[in-house]
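In: this one's structure only:
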């Protein structure tokens, strides 16, 4: 399904995503500043008991709503300059209010998806004897009093019981991270809470798995992961230093817009889904 009109997304997907990401940030620094301040305030509120849970929920939805907003405006633009012009005329209310429902649906859906994966991990841990191992650990002879053979047998037992669950978490995390852009790109097209909620469960769709294991998708997603790794490290360093916190938030927004645009690109290239 072709959802992005600029041919540059086909010929040079990563460079185009970077260019449009910068345009989304720089076309209206006023809106970027308002969003950054909003995110900082919500982060501060998360430290307050009870209110913190609500603030965390709202912050997550705001971040997803921004992804919906940037892709929607990208779809409506005929090219780079038209996109910049449209972004420059936006206001914060339009950025948030229009997409709060689908962003909420995607967030709630992904939260439930995460609970399902945690439950599967716990089940695997249980059938391999992991919970029995926890009980044994609680009654275990203190390490200082145990013989070297007992200590070795103890850790070997831990490794044996926890390895299947840990391996499951590792494999599924890598797989779903790889599949994320394609599913997210599909979710960004939805406009209701229910449709966005249901979109999350395309992680279990074999049609999406088939589309993800193609050369073009692999190349785009591999570069996306590498770029996010580098910018994520830089963002973490900035957020850890108070004076650089605003820069860290801007980098976060860059990563957010970049991921949304790359996700739209990957779905854009998958005509048979």
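Out: Nice, I can see it. Note that the coordinates shown come from a computational prediction; the quantities given were computed from them, not determined experimentally. Numbering: from 1, shown residues only.
In: Could you find the closest non-adjacent residue to residue 101?
Out: Take residue 101 and drop its neighbours on the chain: the residue closest to it by Cβ to Cβ, 6 or more residues apart in numbering is residue 193, 4.8 Å away. Where C-beta positions appear, they are placed from N, C-alpha and C, glycine not excepted.
In: What helix or strand is residue 6 located in?
Out: For residue 6, there is no helix or strand it lies in under DSSP states H and E.
In: What is the burial count for the closest residue to it other than its chain neighbours?
Out: The spatially closest residue to residue 6, leaving aside those adjacent along the chain, is residue 79, at 5.7 Å (Cβ to Cβ, 6+ apart). Neighbours of residue 79 under the rule other Cβ atoms under 10 Å: 12.
In: same deal with residue 124?
Out: When neighbours are counted by other Cβ under 10 Å, residue 124 comes out with 17.
In: Residue 218 now?
Out: Other residues close to residue 218 by other Cβ under 10 Å number 12.
In: For it, list the residues it contacts.
Out: For residue 218, the contact set (Cβ atoms under 8 Å, 6 or more residues apart in numbering) is empty.
In: and if you look at the one 10 residues further on?
Out: For residue 228, the contacting residues are 255, 258, 259, taking Cβ under 8 Å, 6+ apart as the criterion.
In: In this structure the last one contacts residue 188, no?
Out: Pointing back at residue 259 there. No. Using Cβ atoms under 8 Å, residue 259 makes no contact with residue 188, being 10.2 Å away.
In: Looking at those two, which has the bigger crowd around it?
Out: Remark: of residue 259 and residue 188, residue 188 carries more neighbours, 29 against 21, as counted by other Cβ under 10 Å.
In: which secondary structure element contains the residue nearest to that one when sequence neighbours are not counted?
Out: With Cβ to Cβ, 6+ apart as the criterion, residue 188 has its nearest non-adjacent residue at 4.6 Å, and that residue is residue 71. Secondary-structure element containing residue 71, defined by DSSP H and E: helix 51-76.
In: How far does that helix sit from its chain's centre?
Out: 12 Å (Cα atoms, centre = their mean, to the nearest Å).
In: helix or strand right after it?
Out: Per DSSP H and E, the helix or strand that comes after helix 51-76 is helix 80-88.
In: quick one, what contacts residue 99?
Out: Contacts of residue 99 (Cβ under 8 Å, 6+ apart): 64, 65, 68, 69, 72.
In: who's in contact with residue 85?
Out: Residue 85 touches residue 27, counting by Cβ under 8 Å, 6+ apart.
In: can you tell me how far it sits from residue 28?
Out: 11 Å (Cβ to Cβ, to the nearest Å).
In: try residue 226
Out: Taking Cβ to Cβ, one finds residue 226 at 29 Å from residue 28.
In: more neighbours, the two?
Out: Neighbour count, other Cβ under 10 Å: between residue 226 and residue 28, residue 28 has more, with 20 against 11.
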